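A.B. asks: With the sequence up front, the predicted model follows.
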Amino acid sequence: MIESNQWEPEIIAFCCNYCAYAAADLAGSKRMQYPVNVRIIHTPCTGKIEMEHILEAFEKGIDGILVAGCLEGGCHFLEGNLRARKRTDRIREMLDEIGVGRERLKMVNFSAAMAPTFVERVKEIVETVRALGPNPLRESVKV
């Protein structure tokens, strides 16, 4: 059993290709540091992330998720990030209803040049989830 002071949250960051992933890549190129417990998943557009993907990640014990897309009005697929915003808002409601907590899921928007903002938002979600503790569904998942 891991003691609570040794626990670190497992975070997934779904990043759209044109903006958020580019910002993450730029952060890496500039050697900007962000927590190592964040796994970036490269997606074509946040509008392609289905509710099931996010819910399944929480069901499997992921502690927090960051959905990172293009700036509103600047989506390369026109309205993909707006669809993603509606989905994440609905999922946040569901997470509250099932007792997981809406704070574990956050959607943010970046341009490709916003590497410092990307790093800040990643650090924020890690700190938020760290304060919340492990995903309550993790107990039912066999590791």
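C.D. replies: Arrived safely, thanks for sending. Residues are numbered from 1 along each chain as shown.
A.B. asks: Identify the residues contacting Y18.
C.D. replies: Residues near Y18 by C-beta atoms under 8 Å, 6 or more residues apart in numbering: C45, C70, H76, A112. In short, each C-beta sits where N, CA and C put it, glycine included.
A.B. asks: Let's see if you can find the most crowded of the residues you listed.
C.D. replies: C70 (26 neighbours; other C-beta atoms under 10 Å).
A.B. asks: Beta-bridge partners for the residue nearest to the spatial centre of the chain, please?
C.D. replies: Per C-alpha atoms, centre = their mean, the C-alpha nearest to the average position across the chain is that of L66, at 1.2 Å. According to DSSP bridges, the partner residues bridging L66 are A13, K106.
A.B. asks: related to what we said a few turns ago, select from the contacts of Y18 every entry located in strands.
C.D. replies: Taking DSSP state E, the ones among the contacts of Y18 that sit in strands are C70.
A.B. asks: Lowest-confidence one in the contacts of Y18?
C.D. replies: Among those, H76 carries the weakest pLDDT, at 83.
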